[in-house]
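Q: Quick one, fold the following:
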Amino acid sequence: MYLKILFLNLIASSLMIMTIDCDITSLKQGFQPVDVNDRRIINVLNNVEPQMNDRIDSTNLFRVETIQSAEMIEDGQHNQIRCSILYGETECNKTEIYHIYTCKFTGHHIRCNVHIMNWRRDILEHFDCYQH
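A: Numbering: from 1, shown residues only. The predicted structure is shown next:
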C-alpha cells in the first residue's frame, strides 16, 4: 500500500517537473517585436510573396502594401517570423509574377496574418486573410 502511494507520488512529481521545464523553455524561445521597417522582415516577405499569391483566390496579383506589425524568433538557423500586413491588389495578372514590383495598386486590399518558417529557405507556414 505504501509502496503504491510512493510510486504515485513519484509519477506526479515527475510530471510537475516536466510541466515547469516546458513552461520555462517556451518563455525563453518566445517571439520578440521587430521594427516593421527591418530589412530582414521585408526581404523574407518579398521571398514568400509568390507563395502568398498562390493562396489568394484571384486572377490578379497582390503585393505587400503595409507591414502593420512584426515579431521574430531568432535561434540561429531556424528563425520564425509572424506579421500582420495589408495585402494590396494590383492591376497585374498572376502570370506576371516576375514583374510584380512594377504592378500598380488598385486601392483594394485585405488584412492578412502571416507566419513564416525560415530554415534553409523561406516557407509560408500560415497565411490567413480577411476583409477589413
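
Q: C-alpha from now on. contacts and neighbour counts both.
A: Noted.

Q: tell me the domain boundaries of the chain?
A: According to the domain assignment given by automatic domain parsing, the chain is divided into the following structural domains: 1-30, 32-130.

Q: weakest of the ones you listed by average pLDDT?
A: Among these, domain 1-30 has the lowest mean pLDDT, at a mean of 57.

Q: what residue lies at the spatial centre of this structure?
A: Computing the C-alpha centroid of the chain and ranking residues by CA atoms, centre = their mean puts H115 first, at 1.2 Å.

Q: Is it correct that that residue is in contact with C83?
A: Yes - using CA atoms under 8 Å, H115 is in contact with C83, at 6.6 Å.

Q: Please confirm that T95 is located within a helix.
A: Yes - secondary structure of T95, determined by DSSP: H, G, I helix; E, B strand; the rest coil: located in a helix.

Q: Roughly how far does it sit from P33?
A: To P33, T95 is 35 Å away according to CA to CA, to the nearest Å.

Q: sorry, back to before: so which of the domains of the chain is the most surrounded?
A: Stretch with highest mean neighbour count among those: domain 32-130 (a mean of 16; mean count of other CA atoms under 10 Å).

Q: Distance across it, terminal residue to terminal residue?
A: Domain 32-130: ends 25 Å apart by CA to CA.

Q: from the chain's centre, how far out does it sit?
A: 9 Å (CA atoms, centre = their mean, to the nearest Å).

Q: All the strands of this structure, residue numbers only.
A: The residue ranges that make up the strands of the chain, judged by DSSP state E, are 32-33, 60-73, 79-93, 105-118, 122-130.

Q: quick one, which of those strands is nearest to I42?
A: Using CA to CA as the measure, strand 60-73 is the one of the strands of the chain that comes nearest I42, at 8.5 Å.
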